[in-house]
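Enquirer: Next input, structure requested:
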Amino acid sequence: MSRLMHYPDLMVCVLAAGQGKRMRSKLPKVLHPILGKSMLEHVLHTVEELQPHKIAVVTGDGAEQVREHIGQPANLEWVMQDRQLGTGHAVQQCEQVCSDVDHVMIVCGDTPLLRCETLDRLARHHKDSGAEVTFLSAHLPDPFGYGRVLRDEAGKIIGIVEERDATSEQKRIKEVTSGIYCVRQDVLFRLLERVGNRNAQGEYYLPDIVPLALEAGMRVEAVAMDDAEEIRGVNNRKQLAEAEAVLQQRIIEDWQLSGVTILQPHTVRIEASVRIGMDTIIHAGTQLLGATSIGDECEIGPYAVLDNCWVDDGSSVLAFSHLQDASVGAHCRIGPFARLRPDAKLADEVHIGNFVEVKKAIVGDGSKINHLTYIGDAIIGKQCNIGAGTITCNYDGANKHLTEIGDDVFVGSDTKLIAPVRVGSGSTIGAGSIITRDVPEGGLTLSARPDQRHLPGWRRPRKEDR
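Expert: Below is the predicted model:
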């Protein structure tokens, strides 16, 4: 990426007030997710890289949901458009928050494919050219539905014509408008005051500032996008999926160029907040979700799912394993068919084998839990070996209880540890044992329950009413 300029004299207005009726959803359009982030978050992340004076987000439909989702970053101003009367009307609502800047950039909240480099080129050209109005354009092989850019023989912009108003000759023009503008603040709101609403929708359209500026003898410039995909807006779920496919390809290519091997990349999902180290291999069908972070020289998959996980250098997560909100140390081996649930924390060189489930448990350096085992609400020390079929019986029907296992403990197969219970360091528990009392350090512990008994009147613990 080329070095971006900083724009302390620029306000960015993000238009995010549309109802998005074609999404057929109760969720505001700009909050629909693409690769783990809402469309609006993608746009905000892009414009933040310009380091503008501030960012104004215009909301309308579902404003409270949008604000709750985004929060309140220090550089963000919320602007309300009570009535959705078009893009020009939406920008007018930003007049007060734009009063102390020289330039205003207007972008749409449903354009998640925009790149910061493209907006940087727009802002640079706008300032260097001295234009009053500058907009992004794109050249499309099939420009149907877009407004066309009209130029004279010398290439100077002489107007914009919408698809419905274009002549047959004008419809053959391939250069189209994007709806993304950079305008001098001192002329933007004067132009908007003159925009009318004599159209089928009775709305005030932002592109109408272009002919008004030309009539007033102002300079209007266009900057062509290098990648026309960036122009894509999202108005329905089909377009949402198409935009996600483009963004996914970008993300995968970026990681490949950063030293990550991705096998059968068309089968892999890597969300936008994921981080991956060099010389890591991602196998087919793997999904890396949320804020997952993977270190150097790891191997993930095939068909593994990691959601908000930390995996340190040199670790392997093998086929069909599922990890969620878990932390894995260096040089660990997980799976195949393993499950790490929230708050599973593995130290270095831990082995978690097939059909093992770990939940809210800390596992110390070098410990191994290799087969058919459930470990929940537990602290396990270093260099332990937990045999096949072991269960920490942590739940009494109302409360969870802790199992604590010291260092260098060997737990035989098919052992049940009835929490709360402690197992001392260096001890060995024989296979098939049911441990109901604390186990001292060292030595061998064997146990079995007596013959089956029935206790009439015994009542299972119940959760308290809340």
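Enquirer: Now do the domain split for this protein, please.
Expert: 7-231, 255-445 (automatic domain parsing).
Enquirer: For residue 201, grab the count of nearby residues.
Expert: Here the number of neighbours of residue 201 (other C-beta atoms under 10 Å) works out to 9. C-beta: built from backbone N, CA, C; applies to glycine.
Enquirer: what sits against it?
Expert: Contact analysis of residue 201 by C-beta atoms under 8 Å, 6 or more residues apart in numbering lists residue 86.
Enquirer: tell me which residues in stretch 141-151 are buried?
Expert: For stretch 141-151, a neighbour-count test (16 or more other C-beta atoms under 10 Å) marks 143, 146-150 as buried.
Enquirer: Nearest to residue 420 among those?
Expert: Residue 420 lies nearest to residue 146 out of the buried residues of stretch 141-151, by C-beta to C-beta, at 67.0 Å.
Enquirer: Regarding the residue lying closest to the closest one once chain neighbours are set aside, what is its secondary structure?
Expert: Nearest residue to residue 146, sequence neighbours excluded (C-beta to C-beta, 6 or more residues apart in numbering): residue 176, at 3.5 Å. Secondary structure state of residue 176, per DSSP: H, G, I helix; E, B strand; the rest coil, is strand.
Enquirer: Going forward, count from 12.
Expert: With 12 as the first residue, the last one maps to residue 187.
Enquirer: Identify the residues contacting residue 187.
Expert: 148-151, 154, 157-160, 242.
Enquirer: number of nearby residues for residue 46?
Expert: By the measure other C-beta under 10 Å, the count of residues near residue 46 is 19.
Enquirer: Then residue 17?
Expert: Using other C-beta under 10 Å, residue 17 has 12 neighbouring residues.
Enquirer: Over to residue 138?
Expert: Burial of residue 138 is recorded as 18 neighbouring residues (other C-beta under 10 Å).
Enquirer: Surely it and residue 131 touch.
Expert: No: judged on C-beta atoms under 8 Å, residue 138 makes no contact with residue 131 at a distance of 11.0 Å.
Enquirer: can you map out the strands along the stretch 112-261 of the chain?
Expert: 114-119, 144-150, 159-162, 168-172, 186-195, 231-235 (DSSP state E, counting those that start in this stretch).
Enquirer: which residues sit in contact with residue 145?
Expert: Residues near residue 145 by C-beta under 8 Å, 6+ apart: 133, 136-137, 192-194, 231-234.
Enquirer: where in the stretch 362-477 of the chain is pLDDT low?
Expert: Scanning the stretch 362-477 of the chain with the threshold set as pLDDT under 70 gives 459-466, 469, 471, 477.
Enquirer: Any stretches of the stretch 112-261 of the chain with poor pLDDT?
Expert: In the stretch 112-261 of the chain, no residues with pLDDT under 70.
Enquirer: Show me where it has its helices.
Expert: For the stretch 112-261 of the chain, applying DSSP state H, counting those that start in this stretch gives helices covering 127-140, 179-182, 196-205, 220-226, 248-268.
Enquirer: Now the helix or strand that the longest one is followed by: average pLDDT?
Expert: For helix 248-268, the following helix or strand on the C-terminal side (DSSP states H and E) is strand 272-273. Across strand 272-273, the average pLDDT comes to 98.
Enquirer: What sits closest to residue 236 if chain neighbours are left out?
Expert: residue 149 is the one closest to residue 236 (C-beta to C-beta, 6+ apart), at 4.6 Å.
Enquirer: give me the number of residues near the one you found?
Expert: 25.
Enquirer: What's opposite it in the beta bridge?
Expert: residue 187 (DSSP bridges).
Enquirer: what's near enough to touch it?
Expert: When contacts are counted by C-beta under 8 Å, 6+ apart, residue 149 touches 186-187, 189, 235-236, 239, 241-242.
Enquirer: cool, residue 308 as well?
Expert: 288-291, 324-325.
Enquirer: if you set the cut-off to 10 Å instead, what comes out?
Expert: Neighbouring residues of residue 308 by C-beta atoms under 10 Å, 6 or more residues apart in numbering: 288-292, 324-327, 341-342.
Enquirer: what does residue 424 give?
Expert: 382-384, 397-401, 440-444.
Enquirer: and those, which are buried?
Expert: Among the contacts of residue 424, the ones that count as buried by 16+ other C-beta under 10 Å are 383-384, 397-401, 440-441, 444.
Enquirer: what's the farthest-apart pair in these?
Expert: 383 and 441 (17.8 Å).
Enquirer: one step back: can you tell me which of the contacts of residue 149 comes closest to residue 67?
Expert: Among the contacts of residue 149, residue 189 lies closest to residue 67 (C-beta to C-beta), at 19.2 Å.
Enquirer: is it true that the closest one touches residue 240?
Expert: No: at 11.5 Å, residue 189 does not count as touching residue 240 under the criterion of C-beta atoms under 10 Å.
Enquirer: Can you give me the distance of residue 171 to residue 270?
Expert: Computed as C-beta to C-beta, to the nearest Å, the residue 171 to residue 270 distance reads 44 Å.
Enquirer: Likewise for residue 456?
Expert: Counting by C-beta to C-beta, the gap from residue 456 to residue 270 is 50 Å.
Enquirer: For those two, indicate the residue with more neighbours.
Expert: Shown here are residue 456 and residue 270; by other C-beta under 10 Å, residue 456 has more neighbours (20 against 12).
Enquirer: Now do the contacts for residue 409.
Expert: Going by C-beta under 10 Å, 6+ apart, residue 409 touches 471-475.
Enquirer: between the residues you listed, which has the most around it?
Expert: residue 472 (10 neighbours).
Enquirer: Apart from its chain neighbours, what residue comes closest to that residue?
Expert: Nearest non-adjacent residue to residue 472, counting by C-beta to C-beta, 6+ apart: residue 409, 4.0 Å away.
Enquirer: Quick check: helices, which of the contacts of residue 424 are part of them?
Expert: Among the contacts of residue 424, no member is found in helices (DSSP state H).
Enquirer: Which of these lies at the shortest distance from residue 115?
Expert: Closest to residue 115, out of all of the contacts of residue 424 and judged by C-beta to C-beta, is residue 384, at 60.6 Å.
Enquirer: Just put the buried residues of stretch 152-162 in TSV and tack on distance to residue 248.
Expert: Below are the buried residues of stretch 152-162 laid out as TSV (distance: C-beta to C-beta, whole Å):
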residue	distance to residue 248
154	23
157	21
158	25
159	28
160	30
161	34
